[in-house]
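Peer 1: Sequence and predicted structure below; questions after.
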Amino acid sequence: MIHVEESKEIKSAGFTLIELLVVISVIGLLASVVLVALNDARKKSRDTKRLADMAQMQKALDLYYNINNRYPSPNSDSSCSGWDTTADGVFVSALRTAGIIAQDIKDPSINASCANYRYYRYGAGTSGCSANRGDFYVLGVNDMETSGRPYPQSPGWSCPSRNWQNEFDWVVGKFEK
């Protein structure tokens, strides 16, 4: 009698557990890198929007001045340390009523009223600024996301006894005269 030994080799058609864990780990690592890059891109996009909003706001304030010979008055009842904000600002409604802007201009990611863009019109001679230059406004942004204070493109604004750049990430001001 002849015995033929059959070899019982098990051939695996799939992956081992370790191979699967390695692949899943690599996919997870790649996904986290993509999410971080996407988050940075979103921050840059929001900061770009903030700078565009400030350019639009400056033009709107200049147009308002050309029509009214003064900048809009701020909300004196503001709960934001006296600053008027674009979230509930009287100055924004003045620009809208004058037909200069069609809709509110607000920070792209922050809804809290005091964290939006801030505006204030100061009287001539305030903070040691020359009274001969007339009233002036200060327009600022806090919460720029891609850089610390001051933001690199911030024009800055100061008078002899006050530097608003120390209070904002991005700030600009302008005299009436």
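Peer 2: Yep, it's here. Numbers count the residues shown, from 1 in each chain.
Peer 1: and the nearest residue to Asn166 once chain neighbours are set aside, how many neighbours?
Peer 2: Leaving out its chain neighbours, the residue that sits closest to Asn166 by CB to CB, 6 or more residues apart in numbering is Arg149, at 7.8 Å. All C-beta spots, glycine's among them, are computed from the backbone N, C-alpha and C. The number of residues packed near Arg149 is 14, by other CB atoms under 10 Å.
Peer 1: Arg149: which element?
Peer 2: Assigned by DSSP states H and E, Arg149 falls within no helix or strand.
Peer 1: From Ser161, how far off is it?
Peer 2: As judged by CB to CB, to the nearest Å, Arg149 and Ser161 stand 20 Å apart.
Peer 1: Arg50 too?
Peer 2: Where Ser161 is concerned, Arg50 sits at a distance of 28 Å (CB to CB).
Peer 1: quick one: the helices in the chain?
Peer 2: Ranges of helices in the chain, per DSSP state H, are 17-68, 90-97.
Peer 1: Point out the most buried one among those helices.
Peer 2: Of all the helices of the chain, helix 90-97 has the most neighbours on average by mean count of other CB atoms under 10 Å, namely a mean of 18.
Peer 1: hang on, the residue nearest to Asn166 packs against Asn163?
Peer 2: No - counting by CB atoms under 8 Å, Asn163 is not a contact partner of Arg149; they are 11.6 Å apart.
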